[in-house]
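Enquirer: show me how the following folds:
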Amino acid sequence: MKKPNILFILADDLGSWALGCAGNAEVRTPNIDRIAAKGLLLSSAYCVSPVCSPARASLITGKIPSQHGVHDWIRRGNSPGEAMDRAVIDYLAGQTTYTEILAEQGYTCALSGKWHLGNAPQPQKGHTYWKTHARGGGPYYNAPMICEGKEYEEPRYVTDVITDNALDFLNGYEGEEPFYLGVHYTAPHSPWEREEHPAEYYDPYYNDCPFASVPDLPMHPWQINTAPHGSTPELRRELLSGYYASITAMDAGIGQLLDTLEEKGVLEDTLIIFTGDNGMNMGHHGIYGKGNGTYPQNMFDTSVKVPFVLSQPGRVPVGEVSDVLFSHYDFLPSLLEYVGCGDETPSGLPGRSLSGVWTGQGEPAEAPLVVFDEYGPTRMIRSRKYKYVQRTTDHPDEFYDLCADPDEARNLIDEPEYVEQIDRMRDELDGWFARYVEKDRDGAYLPIVGRGQLDTTDKSDIFSRDWYYLKDRPEENGEPKV
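Expert: Modelled structure (predicted):
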């Protein structure tokens with residue numbers, strides 16, 4: 001069987017709730033909805049850690065953060081222009097990635113957009129086409145970008161630049177062997193102010209959208225300075241308009257990619273995957289941000305649940321939805337098996353292949369009954385019915401009955417009737433992490449507060465501590481950090 005091409009599209013900070021195909025009637029995502037209509041929507045997909053760099057490292061390696069050692073968003077070592085010492089750091093040194101395996105199996109691998117795993121100027125991990133963001137986030141205009149190993153300031157809207165670079169690869173590719181193209185948008189990550197987005201996308205939301213699709217709640221007491229916060233009605237409207245505008249702008253670029261595949265006659269030969277690195281709260285639970293919107297870090301579904309749609313004519317079911325529990329640590333083995341390289345899957349990974357779900361063969365007997373997450377001292381186990389959140393800090397554990405309380409509004413950790421269920425989930429969580437954690441990279445007792453990682457875990461004092469609760473500084477609304 002001929003190996004398919006792969007178009008892998010990755011959004012940044014996209015809540016699973018923020019797509020038309022997921023039931024949001026306000027946000028305009030016709031092209032992502034087009035992928036779902038012609039393919040499969042996984043409605044119960046989860047990231048491995050609810051913040052960008054650890055989540056991305058887990059996607060590409062199939063490992064959890066306490067195996068690969070990336071525990072927070074990478075704040076130092078992405079590019080020479082990022083730090084005074086101009087040092088770059090390879091955070092995935094020695095780690096096997098699926099792009100390297102694909103390259104070894106004959107794929108030409110290309111990347112356009114966000115890398116955010118260190119040493120952005122250097123093409124790595126099997127990629128031969130490499131046009132990336134120099135850091136992890138930043139402005140939509142005058143963004144720091146990498147081209148031919150050099151950092152420069154890009155005056156155009158960065159979402160369009162990422163799309164154009166991906167189109168450049170597609171239009172120039174004449175190889176007989178299959179290609180893998182990763183298109184990693186920075187959208188819809190902050191900033192969300194009006195001046196950051198084209199009026200054609202921003203103004204319709206600002207002028208006409210009621211934003212009934214997003215809750216308007218008092219600020220969570222654990223909210224910290226990691227994202228702009230909609231603390232007034234006017235600021236809330238501005239930020240939500242920018243968030244939705246950046247999604248729609250990204251969706252327009254995705255439409256260009258789909259049209260180009262069709263024009264080149266390779267659409268049927270291409271597996272298309274769209275997902276996000278982590279979830280996002282835009283007022284959900286009174287939080288702005290993902291897992292690091294609060295301290296201690298949170299594991300609400302709005303932080304850990306991600307969109308996941310895929311399509312390929314003739315192989316992926318058309319217009320179907322699967323609610324099988326799927327974690328991003330299942331992605332690597334699933335992808336490799338789907339393209340006929342399952343034997344190349346590294347040993348010792350926590351995930352399993354669910355490629356049969358992707359091809360409509362149904363949920364396998366060994367399908368996961370739970371998924372796991374970690375973000376430093378906060379860990380989670382989730383089944384279809386229950387969620388248990390464990391913390392190694394002085395902050396409380398949490399337990400939710402998701403059938404009775406899907407919005408996770410009532411913490412039942414101290415309710416006597418759930419003691420046995422909590423004990424079972426605690427034991428399963430402890431056993432699972434004991435099985436996969438590498439001791440020298442264990443995040444459970446590291447001082448991770450969600451404000452960034454400065455070096456690899458073999459160094460000391462590597463996590464930023466410049467955080468504060470917004471309730472303690474009511475005059476501030478948080479900072480638009482990566």
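Enquirer: pLDDT at the residue lying farthest from the centre of the chain, what is it?
Expert: Within the chain, the residue lying farthest from the chain centre (Cα atoms, centre = their mean) is residue 416, at 35.9 Å. We have a pLDDT of 98 for residue 416.
Enquirer: ok, residue 84 next?
Expert: With respect to pLDDT, residue 84 scores 72.
Enquirer: first-to-last residue distance for stretch 406-422?
Expert: Counting by Cα to Cα, to the nearest Å, you get 17 Å between the two ends of stretch 406-422.
Enquirer: do stretch 146-163 as well
Expert: Terminal-residue distance, stretch 146-163 (Cα to Cα): 15 Å.
Enquirer: so which bits of that stretch are buried?
Expert: 146, 151, 154, 157, 158, 159, 160, 161, 162, 163 (16 or more other Cβ atoms under 10 Å). (Each C-beta comes from the backbone N, C-alpha and C, glycine too.)
Enquirer: same deal with stretch 37-45?
Expert: So stretch 37-45, judged by 16+ other Cβ under 10 Å, has buried residues 38, 39, 40, 41, 42, 43, 44, 45.
Enquirer: cool, and stretch 369-380?
Expert: For stretch 369-380, a neighbour-count test (16+ other Cβ under 10 Å) marks 370, 371, 372, 373, 374, 375, 376, 377, 378, 379, 380 as buried.
Enquirer: roughly how far is it from the heart of the chain?
Expert: Computed by Cα atoms, centre = their mean, to the nearest Å, the chain-centroid distance of stretch 369-380 equals 15 Å.
Enquirer: where exactly do the strands run in the stretch 1-150 of the chain?
Expert: 5-11, 40-42, 45-46, 108-113, 127-132, 143-147, 150-154 (DSSP state E, counting those that start in this stretch).
Enquirer: that older thread, ok, the buried residues of stretch 146-163 vs residue 301, which is closest?
Expert: For these, the minimum distance to residue 301 (Cβ to Cβ) is 26.6 Å, reached by residue 159.
Enquirer: thinking again about what came up before, show me the contacts for the residue farthest from the centre of the chain.
Expert: Applying Cβ atoms under 8 Å, 6 or more residues apart in numbering, we find residue 416 in contact with no residue.
Enquirer: for it, phi and psi?
Expert: Per-residue torsions, residue 416: phi -60, psi -30 (degrees, to the nearest 10).
Enquirer: what do you get for residue 387?
Expert: With angles defined as degrees, to the nearest 10, residue 387 sits at phi -140, psi 130.
Enquirer: ok, now residue 241?
Expert: Main-chain dihedrals, residue 241, degrees, to the nearest 10: phi -60, psi -40.
Enquirer: okay, now it: neighbour count?
Expert: 24 (other Cβ atoms under 10 Å).
Enquirer: didn't it look like it was pressed against residue 209?
Expert: Yes - at 7.0 Å, residue 241 and residue 209 qualify as touching, with contact defined as Cβ atoms under 8 Å.
Enquirer: next, the contact list for the residue nearest in space to the middle of the chain, please.
Expert: Ranked by distance to the mean C-alpha position of the chain (Cα atoms, centre = their mean), the top residue is residue 277 at 0.6 Å. By Cβ under 8 Å, 6+ apart, the contact list for residue 277 reads 10, 11, 12, 13, 47, 52, 55, 56, 59, 306.
Enquirer: now do residue 47
Expert: Going by Cβ under 8 Å, 6+ apart, residue 47 touches 55, 58, 276, 277, 278, 279, 304, 305, 306, 327, 328, 373.
Enquirer: tally of neighbours for the second one?
Expert: By that I understand residue 58. 28.
Enquirer: what about the helices in this protein?
Expert: Using DSSP state H, the helices of the chain run over residues 30-37, 52-61, 65-68, 98-104, 158-172, 199-208, 233-263, 301-304, 331-338, 355-358, 419-436.
Enquirer: name the helices or strands packed onto the last one?
Expert: Secondary structure elements in contact with helix 419-436, counted by 3 or more Cβ pairs under 8 Å, 6 or more residues apart in numbering; DSSP states H and E, are helix 65-68, strand 370-375, strand 378-383, strand 386-391, strand 398-401.
Enquirer: residue 64 contacts residue 349, correct?
Expert: No - if you go by Cβ under 8 Å, residue 64 and residue 349 don't touch, sitting 9.2 Å apart.
Enquirer: re earlier: from residue 387, how far off is the residue nearest to the centre of the chain?
Expert: 21 Å (Cβ to Cβ, to the nearest Å).
Enquirer: ok, now residue 464?
Expert: From residue 464 to residue 387 the distance is 28 Å (Cβ to Cβ).
Enquirer: quick revisit: can you list the helices and strands packed on helix 419-436 in CSV and add mean pLDDT and distance to residue 458?
Expert: Converted to CSV, the helices and strands packed on helix 419-436 look like this (pLDDT from 0 to 100; distance: least, Cβ to Cβ, whole Å):
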stretch, mean pLDDT, distance to residue 458
helix 65-68, 98, 13
strand 370-375, 98, 19
strand 378-383, 98, 22
strand 386-391, 98, 25
strand 398-401, 98, 32
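Enquirer: got CSV for the ones you listed, with distance to residue 224 too?
Expert: Listed next are the helices and strands packed on helix 419-436 as CSV, based on distance: least, Cβ to Cβ, whole Å:
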stretch, distance to residue 224
helix 65-68, 20
strand 370-375, 13
strand 378-383, 13
strand 386-391, 15
strand 398-401, 18
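Enquirer: related to what we said a few turns ago, which of the contacts of residue 47 lies closest to residue 31?
Expert: Comparing the contacts of residue 47 against residue 31 with Cβ to Cβ places residue 276 closest, at 15.2 Å.
Enquirer: the residue nearest to residue 458 when sequence neighbours are not counted: how many residues sit nearby?
Expert: Nearest residue to residue 458, sequence neighbours excluded (Cβ to Cβ, 6 or more residues apart in numbering): residue 440, at 7.2 Å. Using other Cβ under 10 Å, residue 440 is surrounded by 9 other residues.
Enquirer: quick check: end-to-end length of stretch 181-189?
Expert: End-to-end for stretch 181-189, by Cα to Cα: 21 Å.
Enquirer: actually stretch 184-199, sorry about that
Expert: Terminal residues of stretch 184-199 lie 23 Å apart, using Cα to Cα.
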